[in-house]
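*Asks:* Curious how this folds, go ahead:
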Amino acid sequence: MNPQGSLLAPDQLFSHLVSKGSFYERLAAVGPELIADEDFADMYADGVGRPSIPPSLMMRALLLATKDGTADRESARRTRVDLDWKMALGLPADHPGIGATTFSLFRARVVLHDADQALFRKTVRRAVEAKLFPRKVLALIDSSPVLGAGAVSDTYELLRKAIGGLVRAVGEEVLSKALRRKLKRYLKDTKPDIDWANPDARRAELRRMVEASRRLLAAAPGRPEAAQAAALLGAIVDQDVELDPDTGEPRIRHGVAPDRIVSVADPEMRHGRKSQSGRFNGHKLHLIEEESTEIVLAVDVGPGNGSDGDHAAPLVEQAAEAGVRITEVVGDMAYGDGDTRAEVEAAGARIVAKVPPAPNGRFFAKTEFTIDPGAPSATCPAGVSTTDARPTTDRKGRPTAYLVFDGRVCATCPLRSRCVKGRGARTITLNVHEARLAKARAELERPSVKRKLRRRAVVERKVDHLKDLGARKARYRGRRKTKLQAFLAATVANLTRLDLLGAFTPKEVALVAA
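*Replies:* Numbers count the residues shown, from 1 in each chain. Below is the predicted model:
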């Protein structure tokens, strides 16, 4: 950098043209302090020269691309001709811009070294240093679907593409002539030419595809370069195909296999549901924010079919690594189960959320019984109690117990038709977290807890903001690159909030005002 400056420098030539208070102006002012070249030193080898474009400048360019939703070619063009971008990046008016491929190469380095997460945490630490958070941090948590970037295919197309991928990985020349002839129909750009409206033709084609897949898999073992492609093809055969018990022939599986792969282009995509009617294919964004400042404290991206509650404790721990000790986490009912509560408590916080109901059709629900898990005992709506506890295990194989009422008493009870199905006695299975859930249900009646639950909707505004910044749809294939999008979006959102909350030094403010 020339210490004498230049007449073509952005602050000399066109700073008055940049919108006052815009993100470009903020980034121009605070970018040099928040984003320094030394932060990215471990991304490059010593003694082999410096990158042609400083990494701090490239990271700022990625944030601008996130803010404006631009692809690499458009981002490259803006670094060349857009005065807002040049001002934000500190580039002189005659700078030729950044090449499109440079964006792609830099992103790969960022992902490899987790530099995106490091920069995001830096914004959280800035909020801590500015003492923006209260002593007891109340956090809000939520999740949102992220549509995947890979094409979703049916079973036949999944098999065809996976076969082609494995052949390319193995090398067609190492396969026998007989196998190459069988595979030829699946190495074209389209499905085999059959009458797809004919069920018999589809069954015959499925039989040929499965046989070809198994022969190909048998020819591929021991080849490290083909291991990933072979695993993908094998998984698709196992998840989508079963043998007809009557004929012994392959058929499309009845029902959906757990954790089913839906795309060969992005095997990490999954079928997911945000509600009974809201179905999507892709991943799921998880985030947690501080309630009073609306600063995002932690973000993550998980499988589209994953549980929301599984990410609560890791998000609390991620926030702690950035310097924020969360006291309470407010969420919806998806975070109210016993396992999530126990995991969050182990991470140093507590969950405030409604407890999922325990429906029992037209019969009395478990929650209508008075249960003492310490005894253990239970009292039914008719006032009858039992201490007859018998050992069992829950769906995760953990030991628990179920309580059995006296069948003779149940037989003559006037409430039997509303309590017991069939001729037996009523039973109550104890949750391994029964006491914790009972305490949570009781706390839901407290006015302070009700007020906190009403604040939960604030986090939905932040989710919408991140969606506007690109988190609605994955731009790249793979969950890690989708997480890159999430970290960049959260960083842009935090920079905006930090500026509004006055988290920057007077020197930085003076730069903005100049």
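*Asks:* and the residue positioned nearest the centre of the chain, bridged to which residues?
*Replies:* To find the centre residue of the chain, average its C-alpha atoms and take the closest one (Cα atoms, centre = their mean): that gives Val301, at 2.2 Å. Applying DSSP bridges to Val301 gives these bridge partners: Leu285.
*Asks:* Going along the chain, name the strands of this structure.
*Replies:* If DSSP state E is used as the criterion, the strands of the chain fall at 137-147, 241-243, 250-252, 270-273, 279-290, 296-303, 326-330, 350-352, 370-372, 377-379, 385-386, 389-393, 399-404, 427-429.
*Asks:* how far is the shortest one from where the chain is centred?
*Replies:* What that stands for is strand 385-386. For strand 385-386, the gap between its own C-alpha mean and the chain's C-alpha mean amounts to 45 Å (Cα atoms, centre = their mean, to the nearest Å).
*Asks:* Apart from its chain neighbours, what residue comes closest to Asp42?
*Replies:* When the adjacent residues along the chain are set aside, Asp42 lies closest to His113, with 6.0 Å between them (Cβ to Cβ, 6 or more residues apart in numbering). Glycine gets a C-beta too; all of them are placed from N, C-alpha and C.
*Asks:* got a list of what the one you found touches?
*Replies:* His113 makes contact with Phe40, Asp42, Met43, according to Cβ atoms under 8 Å, 6 or more residues apart in numbering.
*Asks:* From Ala41, how far off is it?
*Replies:* Distance check for His113 against Ala41: by Cβ to Cβ, to the nearest Å, it reads 10 Å.
*Asks:* circling back: what's the closest of the strands of the chain to Val316?
*Replies:* strand 326-330 (5.2 Å; Cβ to Cβ).
*Asks:* what's the angle from the closest one to strand 137-147?
*Replies:* 50 degrees (axes from the mean of the first three to the mean of the last three Cα atoms, to 10 degrees).
*Asks:* Show me the contact partners of strand 326-330.
*Replies:* Outside strand 326-330, the residues that touch it by Cβ under 8 Å, 6+ apart are 136-141, 288, 291, 297, 312, 316, 319-320, 335, 344, 348-353, 452-453, 455-456.
*Asks:* what are the pairing partners of it, and which direction each?
*Replies:* In the sheet containing strand 326-330, its partner strands are strand 137-147 (parallel), strand 350-352 (parallel), by DSSP bridges.
*Asks:* Tell me the buried residues in that strand?
*Replies:* Residues of strand 326-330 classed as buried by neighbour count (16 or more other Cβ atoms under 10 Å): Ile326, Glu328, Val329, Val330.
*Asks:* what's the domain layout of this structure?
*Replies:* 10-130+493-513, 137-147+271-356+449-480, 155-252, 366-432 (automatic domain parsing).
*Asks:* any idea which of the ones you listed is most buried?
*Replies:* The densest packing among the domains of the chain, expressed as mean neighbour count by mean count of other Cβ atoms under 10 Å, is seen in domain 137-147+271-356+449-480 with a mean of 19.
*Asks:* Work out the gap between that one and the centre of the chain.
*Replies:* In this view, domain 137-147+271-356+449-480 has its centroid 9 Å away from the chain centroid, taken as Cα atoms, centre = their mean.
*Asks:* again, but for stretch 352-360
*Replies:* 24 Å.
*Asks:* Can you pull out the residues in contact with it?
*Replies:* Contacting residues not belonging to stretch 352-360 are listed as 328-337, 365-367, 437, 440-441, 443-444, 449, 452-453 [Cβ under 8 Å, 6+ apart].
*Asks:* quick one: Thr412 and Asp388, what's the gap?
*Replies:* Computed as Cβ to Cβ, the Thr412 to Asp388 distance reads 18 Å.
*Asks:* can you put the contacts of His113 in a markdown table and add pLDDT and distance to Val81?
*Replies:* Rendered in a markdown table, the data for the contacts of His113 read as follows (pLDDT from 0 to 100; distance: Cβ to Cβ, whole Å):
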| residue | pLDDT | distance to Val81 |
| --- | --- | --- |
| Phe40 | 89 | 26 |
| Asp42 | 87 | 33 |
| Met43 | 88 | 28 |
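*Asks:* Throw those residues into JSON lines and include distance to Asp372, thanks.
*Replies:* Rendered in JSON lines, the data for those read as follows (distance: Cβ to Cβ, whole Å):
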{"residue": "Phe40", "distance to Asp372": "58"}
{"residue": "Asp42", "distance to Asp372": "56"}
{"residue": "Met43", "distance to Asp372": "58"}
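*Asks:* so which of those residues would you say is closest to Leu500?
*Replies:* For the contacts of His113, the minimum distance to Leu500 (Cβ to Cβ) is 27.4 Å, reached by Phe40.
*Asks:* Quick check, that closest one in contact with Asp114.
*Replies:* No - contact criterion Cβ atoms under 8 Å: Phe40 and Asp114 do not qualify, at 11.2 Å.
*Asks:* Overlap in contacts, these two.
*Replies:* Shared contacts of Phe40 and Asp114, counting by Cβ under 8 Å, 6+ apart, come down to nothing at all.
*Asks:* can you map out the helices along the stretch 401-514 of the chain?
*Replies:* The residue ranges that make up the helices of the stretch 401-514 of the chain, judged by DSSP state H, counting those that start in this stretch, are 407-412, 434-443, 447-454, 458-466, 479-500, 506-513.
*Asks:* of those, which approaches Arg202 most closely?
*Replies:* helix 479-500 (32.4 Å).
*Asks:* Let me know which of the strands of the chain is the nearest to Asp193.
*Replies:* Comparing these against Asp193 with Cβ to Cβ, the closest turns out to be strand 250-252 (20.2 Å).
*Asks:* The closest one - contacts with which helices or strands?
*Replies:* Using 3 or more Cβ pairs under 8 Å, 6 or more residues apart in numbering; DSSP states H and E as the contact test, the elements touching strand 250-252 are helix 199-219, strand 241-243.
*Asks:* a markdown table please, covering these and showing mean pLDDT and distance to Leu159.
*Replies:* Rendered in a markdown table, the data for the helices and strands packed on strand 250-252 read as follows (pLDDT from 0 to 100; distance: least, Cβ to Cβ, whole Å):
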| stretch | mean pLDDT | distance to Leu159 |
| --- | --- | --- |
| helix 199-219 | 93 | 5 |
| strand 241-243 | 93 | 8 |
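*Asks:* could these be laid out in CSV, adding distance to Ser263?
*Replies:* Compiled in CSV, the helices and strands packed on strand 250-252 are given as follows (distance: least, Cβ to Cβ, whole Å):
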stretch, distance to Ser263
helix 199-219, 17
strand 241-243, 17
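*Asks:* Could you measure from Glu291 over to Val30?
*Replies:* Here the distance between Glu291 and Val30 works out to 24 Å (Cβ to Cβ).
*Asks:* hmm, back to that, tabulate the strands of the chain (CSV), appending distance to Leu469.
*Replies:* Converted to CSV, those look like this (distance: least, Cβ to Cβ, whole Å):
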stretch, distance to Leu469
strand 137-147, 12
strand 241-243, 41
strand 250-252, 40
strand 270-273, 21
strand 279-290, 11
strand 296-303, 11
strand 326-330, 23
strand 350-352, 28
strand 370-372, 46
strand 377-379, 50
strand 385-386, 56
strand 389-393, 45
strand 399-404, 44
strand 427-429, 45
